[in-house]
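Novice: predicted coordinates and the sequence they were generated for:
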Protein chains: 2
Amino acid sequence: MPRNREVAIVGAGRTKFGELYERSLISLTIEAGLNALKEANLERKDIDEMIVGSFITEIANEQGNLPAFLSEELGINIPITRTEAACGSGGSALYSGINAIKSGRSDIVLVGGVEKATDWDAGIAYMAAASEWERIYNFNFTGLNAALARRYLYEYPETKLEHLALISVKNHKHARDNKNAHLRNQITVDQVLKSNIISDPFTIFHCSPVSDGAAALILVNGELAKEYENPVYITGSGMSTDSIGLYARENFTTLKANKLAAAAAFQEAGRTIKDVDIFELHDAFTIQELLAYEELGLVEKGKAWKMIEEGHKSSSRHVVYNVNGKEIIANCGGGLKADGHPVGATGVRQAVELYHQLTGKSDHPVNKSLGREPRVGLCQNIGGTGSLITVHILEVKT
Amino acid sequence: MPRNREVAIVGAGRTKFGELYERSLISLTIEAGLNALKEANLERKDIDEMIVGSFITEIANEQGNLPAFLSEELGINIPITRTEAACGSGGSALYSGINAIKSGRSDIVLVGGVEKATDWDAGIAYMAAASEWERIYNFNFTGLNAALARRYLYEYPETKLEHLALISVKNHKHARDNKNAHLRNQITVDQVLKSNIISDPFTIFHCSPVSDGAAALILVNGELAKEYENPVYITGSGMSTDSIGLYARENFTTLKANKLAAAAAFQEAGRTIKDVDIFELHDAFTIQELLAYEELGLVEKGKAWKMIEEGHKSSSRHVVYNVNGKEIIANCGGGLKADGHPVGATGVRQAVELYHQLTGKSDHPVNKSLGREPRVGLCQNIGGTGSLITVHILEVKT
């Protein structure tokens, strides 16, 4: 087969996200993988290579060497790589999966992500986000994001805590029709603001839940993609890293990795932010989704509040933002906040969401709210407090 | 720059291996990385992408998200991927690094491996090697390898425990001149056989040590390699996986992944085992090096004992095996047994060893014992008890 360096998604699958006490790490992984294979009309023996992202299986599941673990359960003997980058483990797996196809060494690659950690008392924060020098001051993952939010609200006083709350309200709204979502309850700004404080200024409703779940994608070489009816091309892919410690950053309220990863992805795709119809953004905490609006280039720094406010006036089933006359939707199925956050699965789940939206296969389509069929999607996955960020551009050929 | 899909090593570095209580995870990683960059005449800002293998930093060092950890310490903001595959984590990183170059997305990739675990009470075995069903019977990593050895000795009675002991004696002999090796003491077959039993039939001298250390390689695109005096091309690269549990294998004493990974690497390289001059084999336990002799195709199954016996009669500074009239050397600097086994670093260290031998830069060259300059090398890295295996073919162009 002749090979080019184009990469397309031809199948995607996932499990329900939630506190799935009755499920095992492996049963989740396999359910997502088989769903993706089924959509691509492939069998497990067709897979050339597999990349799986997971964060904390060593501790939460007492299981390392995930590649061999998967080989045993799937009964296949192929190259399998496991990536780890905290909450960015899934995006990291996707990045490696794209390399595997572009390398010409593999034509069909399964990219998966999984986490099964709700039945474990999570003391994981220090490893993902806080550096040694932050841990001394008892900073944890939530605390660092809260500090970032507090500073942002100080530097950009037009932005109020209510604007951050609206992001959470939106994501719960978007999860309403998503049968696989962890939290489908509807919430109000008042509830967000008045619920229990986790780390000031964040109440629990500013924070995504810990979820169990898995997600999987089938990537194929561009030549193979031509045989499929609905391929979604990954035209751009960027990754950047930054210091774990916030104190070591050039600017406390700017995630440099956001800009670098997005610039790399847009350049590779030959696209700009203006071309994107739907976004999957890493709202582990509400402040992160707001920063993404600004740092990916939808709006100027400090001005996202206005877009948020106006978007919430829309009467459609989804919150639609109007950016210079173009309507867009962010976190179509509820994002990390409401769809859920099974750490290693999240970066893969985002691409699954986009694939289903872009191919008309979603059980919670946003096309009616958007007023058109989405053609270009962007997903942004974060490890730590912005210390590793991947951005991917997905599109259907017109 | 025009890009082809050739991959070459143009620099390699490592630290001393051992019980390095005074060193940190990061200082080891950086020392190895800077040594490799220096050899390649490059600076850290020249790196396009980085892949780092490590096994157990989450537990031994309370540090996840290694990509961001490295970004902070190195002051660079680039794509960084961390791979984990137990003792095969380094080989997995190398495999991904090759993909990164072949993909055309990165021209200069630093592949690193690190582990810093000697100051931690290692309870890691169950995660790397034993499956859930083996743990029930209290099997650990050493126990599984011992069971495999016991069964092998039963099935192939010409092979004696003394032959396995000779492999350990050889590797200590080869570490004698290696200034970076963990264990440079010389041992005898008698010492191996009469020292403390760890897991019958293995005494402590059948087992590699737990070491601290790091290793790094600079991979570049084939076009860039032309600018270097001494590039070593990675012409073949294979990875395969198999079940974690030995009970689930087709054959208890055969590592299927050895054959599959080697076949893939040889095919890609257009080489056979007959072309290889020097080998770096994964002797975590002596039985694994013996199995590699047979399963990579140096000798028939059950016949390695003869090659081992005869090799030890040689009077040169290294044990030289004669295979159908061709002389070869295995584990030039002492292998895992004597050079040491810092888990995530091992798969990378093997390629560092080959690079230095093939370019004449080694401080413990094997060319005199071999009677010629080595041109082709092979390294084989294992995760678990053969559950993930990578094989890489390295060669200098003649």
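Specialist: Arrived safely. Residues are numbered from 1 along each chain as shown, chains lettered A, B, ... in the order given.
Novice: mean confidence (pLDDT) on stretch A:76-88, please.
Specialist: The average pLDDT within stretch A:76-88 is 96.
Novice: touching chain B at all, it?
Specialist: Yes: Stretch A:76-88 lies within reach of chain B by CB under 8 Å from any CB of the partner chain, at A:76-86, A:88. Placement of C-beta: from N, CA and C, glycine included.
Novice: what is the end-to-end distance of that stretch?
Specialist: One end of stretch A:76-88 sits 27 Å from the other (CA to CA, to the nearest Å).
Novice: could you dump the residues of stretch A:76-88 next to chain B to a markdown table with neighbour count, distance to B:Ala147 and secondary structure?
Specialist: Output for these, formatted as a markdown table (neighbours: other CB atoms under 10 Å in any protein chain shown; distance: CB to CB, whole Å; DSSP: H, G, I helix; E, B strand; the rest coil):
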| residue | neighbour count | distance to B:Ala147 | secondary structure |
| --- | --- | --- | --- |
| A:Ile76 | 19 | 25 | coil |
| A:Asn77 | 20 | 21 | coil |
| A:Ile78 | 22 | 26 | coil |
| A:Pro79 | 28 | 27 | coil |
| A:Ile80 | 28 | 25 | strand |
| A:Thr81 | 32 | 28 | strand |
| A:Arg82 | 32 | 26 | strand |
| A:Thr83 | 32 | 32 | strand |
| A:Glu84 | 30 | 30 | coil |
| A:Ala85 | 35 | 36 | strand |
| A:Ala86 | 29 | 37 | coil |
| A:Gly88 | 35 | 39 | coil |
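Novice: among those, which pair sits farthest apart?
Specialist: Greatest spacing in those, by CB to CB: A:Asn77 and A:Ala86 (29.7 Å).
Novice: next, the buried residues of the one helix or strand A:Glu223 maps to.
Specialist: A:Glu223 is part of helix A:222-225 when elements are defined by DSSP states H and E. Residues of helix A:222-225 classed as buried: A:222, A:224-225 (neighbour count, 16 or more other CB atoms under 10 Å in any protein chain shown).
Novice: helix or strand next in line after the least confident helix or strand in chain A by mean pLDDT, which one?
Specialist: Across the helices and strands of chain A, mean pLDDT, DSSP states H and E gives its lowest value to helix A:125-128, namely a mean of 56. Per DSSP H and E, the first helix or strand lying C-terminal to helix A:125-128 is helix A:132-135.
Novice: using CSV, list the CA coordinates for that next one.
Specialist: Output of helix A:132-135 as CSV, limited to C-alpha atoms (Å, rounded to 0.1, in the frame of the first residue of the first chain):
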residue,chain,number,x,y,z
GLU,A,132,8.5,20.0,45.3
TRP,A,133,8.7,23.7,46.3
GLU,A,134,5.0,24.0,46.1
ARG,A,135,4.3,20.9,48.2
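Novice: check which helices and strands it sits against.
Specialist: Applying 3 or more CB pairs under 8 Å, 6 or more residues apart in numbering or on different chains; DSSP states H and E, we find helix A:132-135 packed against no helix or strand.
Novice: which residues are contacting that helix?
Specialist: The contact list for helix A:132-135, computed with CB atoms under 8 Å, 6 or more residues apart in numbering or on different chains, reads A:126, A:144, A:245-247.
Novice: give me the phi and psi angles of A:Gly13.
Specialist: When read as degrees, to the nearest 10, the backbone of A:Gly13 gives phi -150, psi 160.
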